[in-house]
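> What follows is a predicted protein model with its sequence.
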Amino acid sequence: QVQLVESGGDLVQAGESLRLSCTASGSIVNIFGMGWHRQAPGKERELVATITSGGSTNYADSVKGRFTISRDNAKNTVYLQMNSLKPEDTAVYYCNMGVRTLVGFSSSLNNYWGQGTQVTVSS
């Protein structure tokens, strides 16, 4: 099994910055794509940013130029640097990873999610 543990969520004022972290642990062979999603109250979960194993990144239009996704493969960790935060960025942020794990003498590839971390931006 794999567990993803997130941290870094907080209450901040508009214009401030936060850095979210998400670390995977377990019987990990390797990790492919990593990403961050968010879900605001009353809204569907939406993609924020993704990063491939090769380092290619993709961002939602609403966060381009303000958020930066990065990864540390040695630490099995993905980060989300969030600058110039706006009240509309308020949401629970979830990380996800495509992870290959050991299963007996074989391996399995699955998508795992973190438990979520609350980001609240006041105006």
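That came in fine, so what should we check first?
> May I ask which helix or strand of this structure has the lowest mean pLDDT?
Within the chain, no helix or strand scores below strand 106-113, which has a mean of 92 by mean pLDDT, DSSP states H and E.
> ok, which stretches of the protein are helices?
With DSSP state H as the criterion, the chain has no helices.
> Quick one: residues in contact with the least confident helix or strand of the chain.
Contact partners of strand 106-113, identified using CB atoms under 8 Å, 6 or more residues apart in numbering, comprise 2-4, 24, 29, 32, 94-101. For the C-beta atoms, the positions are set from N, CA and C on the backbone; glycine is no exception.
> for stretch 44-56, same thing?
Stretch 44-56 is contacted by residues 30-39, 57-60, 63, 67-71, 73, 78, 80, 93-94 when judged by CB under 8 Å, 6+ apart.
> Mind listing what's buried along it?
The neighbour-count check on stretch 44-56 (16 or more other CB atoms under 10 Å) flags 48-51 as buried.
> try stretch 72-89
76-80, 82, 85, 89.
> Including pLDDT and distance to Gln115, could those residues go into JSON lines?
Shown next, in JSON lines, are the buried residues of stretch 72-89 (pLDDT from 0 to 100; distance: CB to CB, whole Å):
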{"residue": "Asn76", "pLDDT": "97", "distance to Gln115": "16"}
{"residue": "Thr77", "pLDDT": "98", "distance to Gln115": "15"}
{"residue": "Val78", "pLDDT": "98", "distance to Gln115": "15"}
{"residue": "Tyr79", "pLDDT": "98", "distance to Gln115": "17"}
{"residue": "Leu80", "pLDDT": "98", "distance to Gln115": "15"}
{"residue": "Met82", "pLDDT": "98", "distance to Gln115": "19"}
{"residue": "Leu85", "pLDDT": "98", "distance to Gln115": "21"}
{"residue": "Asp89", "pLDDT": "98", "distance to Gln115": "19"}
